[in-house]
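Engineer: Just to be clear, the model below is a prediction. Sequence and coordinates:
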Number of protein chains: 2
Amino acid sequence: MDLEIKKDLVSNWFKILQNAICHNINDIENSKAEFKSTSWKRSNRKDEGGGEYRILKNGKVFDKVGVNFSKVYGNFPKQLKKNIPGANKDPRFWASGISVVMHMKNPLIPAMHFNTRYICTKHDWFGGGIDVTPSKNDQNEKNEFHKILKMMCNRHNRKYYSKYKKWCDEYFYLPHRKEPRGIGGIFFDYKKDSFEKDFKFVRDVGVTFQLIFNKIIKKKIKKKWTTKDKELQYIKRGRYTEFNLLYDRGTKFGLQTRGNVEGILMSLPPLAKWK
Amino acid sequence: MDLEIKKDLVSNWFKILQNAICHNINDIENSKAEFKSTSWKRSNRKDEGGGEYRILKNGKVFDKVGVNFSKVYGNFPKQLKKNIPGANKDPRFWASGISVVMHMKNPLIPAMHFNTRYICTKHDWFGGGIDVTPSKNDQNEKNEFHKILKMMCNRHNRKYYSKYKKWCDEYFYLPHRKEPRGIGGIFFDYKKDSFEKDFKFVRDVGVTFQLIFNKIIKKKIKKKWTTKDKELQYIKRGRYTEFNLLYDRGTKFGLQTRGNVEGILMSLPPLAKWK
């Protein structure tokens, strides 16, 4: 298949998924709080793509949720070239992705994060994942979350779940705190086995994220919480902020490729505390 | 002068200054809020130094203030070696420093930061600075702050102020936001002109920091502020957090040399918001 067709197929899917997830969130939120959409371009001088991010704030269910779509292309800046497969000889790149971060009003409901992306240099590959960050331990929730991910992975390849779970645990880790960001999930990158199979998997990851956040939210949406629960959530959000600013590759990639700052940092919580 | 004597002189000064600043802060705070002191060691197995940080929280004047002293030694980790002068051939280092970060209750009073340090590898040098981060513009305050710094610098060398002011502006800058962290100040590093002169300057920087924070706080301590002022402060603290986690060398140095996490991240505000 022609690479241009692949790019179109994938970025169209990410755009459709952005719409579907926003509709889904609106249905759950069911209040006056609404998504605000911002479209941006990477350059005013020439066409280097851009994106559209949508943020809903101060909802009854969602404290802050961002649903970010982007499709960008151009040349990698020097400092990034050596870290990206295939970019050292030819700095041209094309990248499209969708990412979602949910910070919930109810501190018993975990923060949830999902991302899938397709990147083309001399090579082309998929990356992405789903992970969940509770501020209060809930073993049942954790078990069910991982069970859904495992079943989804097994539909594609028996080796995926354990491989991508491990990758997730390693990636979402705060070495200075010696603690994981949350309860893990799946994480994959440089995935280039076969375009058809990989794209199918990536679509399944997106659909499964919807299944997961609906399940988790609905189970806890009416659960009573205390101010102590809320304080714990603020502290956990401080850790979340530390991870995203100190270590997250997506954040670094975005800031270094002149992505839209508000879009990149939409993953940050509305309010974080440090003791 | 023998290097060991220099190390002792400098780290003793930093320790004395930590005490003096804490007393000074207690006098201003004049409430039940007290410093909590934590002493830590870099290693349990062998002597690699450590430090003592003192944090006062939820005061009437100070929202959160940390006064951090450390004296550490050992071997640089691999990833740092190539970035530190004189550490590539011989990874041994000795470092002592004092740093202070003040986050104020009254949002009309700026956050203030001061640090001085003495680092020994094959070379030995001083670094440090003073800078100020208001969330609301005050041109008079800015003018007076810089005037004091300029006078102080001029007592030592006519070239220092413009050089270190420029360095400060360049260092405390958020490229992704295209905005400075605050209103600048002075910043210097790799300072190794003459130990006697440099140490004298470093002591003057510490004493001048005391002069500055007393002046700035006393001028505004009774000024009324609005919830809007407070919200602006929370947003500015978000920017502060971004700088410290994304760019600050001290934070990176500390985390990578296995410093005490709470001590290193004491610079983070008690509460930050992102729109």
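Structural biologist: In hand now; what should we look at? Residues are numbered from 1 along each chain as shown, chains lettered A, B, ... in the order given.

Engineer: all contacts plus neighbour counts: C-alpha atoms, from now on.
Structural biologist: OK.

Engineer: neighbours around residue A:193, how many?
Structural biologist: Residues lying near residue A:193 (other C-alpha atoms under 10 Å in any protein chain shown) number 10.

Engineer: Give me the helices and strands touching the helix or strand bottoming out on mean pLDDT in chain A, please.
Structural biologist: When each helix and strand of chain A is scored by mean pLDDT, DSSP states H and E, helix A:78-81 comes last, with a mean of 72. Applying 3 or more C-alpha pairs under 8 Å, 6 or more residues apart in numbering or on different chains; DSSP states H and E, we find helix A:78-81 packed against no helix or strand.

Engineer: what about that helix, distance to the chain center?
Structural biologist: In terms of C-alpha atoms, centre = their mean, to the nearest Å, the centre of helix A:78-81 is found 23 Å from the chain centre.

Engineer: what does the average pLDDT come to for whichever helix or strand comes after it?
Structural biologist: Following helix A:78-81 in sequence order, the next helix or strand is strand A:92-104 (DSSP states H and E). The pLDDT scores in strand A:92-104 average 95.

Engineer: For strand A:92-104, list the C-alpha coordinates in CSV.
Structural biologist: Extracted C-alpha coordinates of strand A:92-104, given in CSV (Å, rounded to 0.1, in the frame of the first residue of the first chain):
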residue,chain,number,x,y,z
ARG,A,92,11.9,14.7,7.2
PHE,A,93,9.0,13.3,9.3
TRP,A,94,5.3,12.9,9.3
ALA,A,95,3.4,12.2,12.5
SER,A,96,-0.2,11.9,13.5
GLY,A,97,-1.7,11.0,16.8
ILE,A,98,-4.5,11.1,19.3
SER,A,99,-4.1,11.5,23.0
VAL,A,100,-6.5,11.7,25.9
VAL,A,101,-6.0,12.6,29.5
MET,A,102,-8.8,12.6,32.0
HIS,A,103,-8.6,14.1,35.5
MET,A,104,-11.7,13.3,37.4
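
Engineer: outside of it, which residues touch it?
Structural biologist: Applying C-alpha atoms under 8 Å, 6 or more residues apart in numbering or on different chains, the contact partners of strand A:92-104 are A:10-11, A:14-15, A:18, A:61-76, A:87, A:110-121, A:266-267, A:269-270.

Engineer: How about stretch A:238-256?
Structural biologist: Residues contacting stretch A:238-256 (C-alpha under 8 Å, 6+ apart): A:77, A:80, A:172-174, A:181, A:260-261, A:264-265, A:267-269, A:272-274, B:176, B:242, B:245-246.

Engineer: roughly how far is it from the heart of the chain?
Structural biologist: With C-alpha atoms, centre = their mean, you get 12 Å for stretch A:238-256.

Engineer: For it, buried residues please.
Structural biologist: For stretch A:238-256, the neighbour count (16 or more other C-alpha atoms under 10 Å in any protein chain shown) marks A:238-247, A:251-252, A:254-256 as buried.

Engineer: Among these, which are located in helices?
Structural biologist: Cross-referencing these against helices under DSSP state H gives A:238-246, A:251-252, A:254-256.

Engineer: just the helices in the stretch 151-275 of chain A please.
Structural biologist: All helices of the stretch 151-275 of chain A, identified by DSSP state H, counting those that start in this stretch, fall at A:160-171, A:195-220, A:227-246, A:249-256, A:261-264.

Engineer: What mean pLDDT does the last one get?
Structural biologist: Model confidence over helix A:261-264, given as mean pLDDT, is 88.

Engineer: next one: the fourth one
Structural biologist: Averaged across helix A:249-256, the pLDDT comes to 84.

Engineer: before we move on, what about stretch A:20-30?
Structural biologist: 97.

Engineer: List only buried entries from the contacts of stretch A:238-256.
Structural biologist: A:172-174, A:181, A:260, A:264-265, A:267-269, A:272-274, B:176, B:242, B:245-246.

Engineer: what residues does chain A put near chain B?
Structural biologist: Within reach of chain B by C-alpha under 8 Å from any C-alpha of the partner chain, chain A has these residues: A:176-177, A:242, A:245-246, A:255, A:258, A:261, A:268-275.

Engineer: residues in contact with whichever residue of the stretch 51-200 of chain A sits closest to chain B?
Structural biologist: Closest contact between the stretch 51-200 of chain A and chain B, by C-alpha to the nearest C-alpha, is at residue A:176 (6.2 Å). Residue A:176 makes contact with B:255, B:258, B:261 under the criterion C-alpha under 8 Å, 6+ apart.

Engineer: Now with 10 Å, please.
Structural biologist: Listed by C-alpha atoms under 10 Å, 6 or more residues apart in numbering or on different chains, the contact set of residue A:176 reads A:242, A:243, B:254, B:255, B:256, B:258, B:259, B:260, B:261, B:262.

Engineer: ditto for residue A:87
Structural biologist: Contact analysis of residue A:87 by C-alpha under 10 Å, 6+ apart lists A:75, A:76, A:78, A:80, A:81, A:93, A:120, A:121, A:122, A:123.

Engineer: what's the answer for residue A:118, then?
Structural biologist: A:6-7, A:10-11, A:14, A:71, A:94-98, A:124-128, A:189-192, A:199, A:202.

Engineer: Could you look up the SS state of residue A:119?
Structural biologist: For residue A:119, the secondary structure call by DSSP: H, G, I helix; E, B strand; the rest coil comes out as strand.

Engineer: hmm, back to that, out of the residues of chain A next to chain B, what pair is the most spread apart?
Structural biologist: Within the residues of chain A next to chain B, A:258 and A:275 form the most distant pair, 33.0 Å apart (C-alpha to C-alpha).
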